[in-house]
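quick one, fold the following:
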Amino acid sequence: MDFKTVLLHISGGVARLTLNRPEVHNAFNDEELRELTEAVKLAAADPAARVVVLTGNGKSFCAGADLNWMKSVLSYTPEQNEKDAAVLVDLMDMLEQMPKPVVGRINGAAVGGGVGLTAVCDIAIASSEAKFGFGEAKLGIIPAMISPYVLRKIGPGPARELFLTGDRFSADRAKEIGLVNEVVPPEKLDEAVNAKVASLLTSAPNAVAEAKKLIRLVPGMSAGEAREYTLAKIAELRSAPEGQEGMKAFLEKRKANWIK
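Below is the predicted model:
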């Protein structure tokens, strides 16, 4: 499928998803959000894609909301604003709950919604030149839609400062608070992303999906619920074809059949 604001390329087990509005620093508008949502659905459904890499074209990763789009919402009713905001929330839900690992290639500035996209990546690798920020409070609003994803990633401590001040912060600070996993010089960004993708491709696809589900569900369970869920899940996966193959490959000192 051809998109105007997003690029999707699937090859070698990897779906590379690129925000493609470099002239406005990949800022969101309604068209880009719709196309990005459709591209994420395609990547999730394609069996040829085992890892998703999310990045931006040009100097920025994502500068949040497009200015022209922001002008249009000034006249929205509360009901229209809620419907409009739900599009971004649904997109981030889809990315966070995708059974395939999502690697963020944070090539430049990530602001507002761009920080939200960073937060829903399972692994985020940032250029040392990338800058981050929650500027909403300076506009008289709050980072409401992205807050559940960001707070799950960095916790409330750093958010108390960053949500309230709206100040920009460095890639090193983003790593310190757990928003990104690794910071590298710009010229090393592709090398670092490709190395992480290669590592992910050696993990069993269903095991990765189940691990993501484990991470999402277990923190909200009681001790009894977690015991019941985890015991049932390990019993299920040990006897499943993928678990059998993985354990046999280890014991036989050979590569598992999902490693190309």
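
quick one, phi/psi of S222?
phi -70, psi 170 (degrees, to the nearest 10).

tally of neighbours for it?
S222 has 8 neighbouring residues, counting by other C-beta atoms under 10 Å. For the C-beta atoms, the positions are set from N, CA and C on the backbone; glycine is no exception.

quick check: the gap between it and Y229.
10 Å (C-beta to C-beta, to the nearest Å).

what do you get for A63?
40 Å.

what about the longest helix in this structure?
When the chain is parsed with DSSP state H, its longest helix is helix 78-97.

show me what the helix or strand just after that one is packed up against.
Remark: after helix 78-97, the chain's next helix or strand is strand 102-106, criterion DSSP states H and E. Other helices and strands packing on strand 102-106, by 3 or more C-beta pairs under 8 Å, 6 or more residues apart in numbering; DSSP states H and E, are strand 51-56, helix 113-120, strand 123-127, helix 189-200.

what's near enough to touch the residue nearest the centre of the chain?
Central residue of the chain (C-alpha atoms, centre = their mean): C121, 2.3 Å from the mean position. C121 is in contact with L54, L95, V102, V103, G104, counting by C-beta atoms under 8 Å, 6 or more residues apart in numbering.

before we move on, the earlier item: so which of the helices and strands packed on strand 102-106 is nearest L7?
strand 51-56 (9.4 Å; C-beta to C-beta).

which neighbours in the sheet does the closest one have, and how are they oriented?
Within its sheet, strand 51-56 is paired with strand 14-19 (parallel), strand 102-106 (parallel), according to DSSP bridges.

out of these, deepest packed?
For the strands paired with strand 51-56, the largest average neighbour count (mean count of other C-beta atoms under 10 Å) is found in strand 102-106, namely a mean of 26.

bridged to the closest residue in space to N181 that isn't next to it in sequence, which residues?
With C-beta to C-beta, 6 or more residues apart in numbering as the criterion, N181 has its nearest non-adjacent residue at 5.2 Å, and that residue is I123. Listed beta-bridge partners, I123: V103 (assigned using DSSP bridges).
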